[in-house]
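J.: any chance you can model this:
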Amino acid sequence: MRELLRTNDPTVIAFATALLRGEDIDVFEMDVHMSVLEGSIGVLPRRIMVRPEDYFRASTVLRDNDLPVSG
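T.: Take a look at the predicted model:
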């Protein structure tokens, strides 16, 4: 798995996930349940991961929609 996006903003996560799934790219959200540890204050970022073979296409989709790409 390769990290595509890291953010604290749940709306960015939802938008990016919808865009990628619309392009038939498998998306894996990491750190979703970390709110239990942090107390639901949104300090710890969540990550979107994709398969290495989908990374280039996925990063292009995010950049075309003015979303940040990690790495």
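
J.: helices along this structure, start to end?
T.: Per DSSP state H, the chain carries helices over the ranges 10-22, 35-38, 55-64.

J.: which stretch among the ones you listed comes nearest Glu3?
T.: helix 55-64 (9.2 Å; Cβ to Cβ). Yep, even glycine has a C-beta here, placed from its N, CA and C like the rest.

J.: for that closest one, buried residues please.
T.: 55, 58-59, 61-62 (16 or more other Cβ atoms under 10 Å).

J.: got JSON lines for those residues, with distance to Leu20 too?
T.: Formatted as JSON lines, the buried residues of helix 55-64 follow (distance: Cβ to Cβ, whole Å):
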{"residue": "Tyr55", "distance to Leu20": "11"}
{"residue": "Ala58", "distance to Leu20": "6"}
{"residue": "Ser59", "distance to Leu20": "10"}
{"residue": "Val61", "distance to Leu20": "6"}
{"residue": "Leu62", "distance to Leu20": "8"}
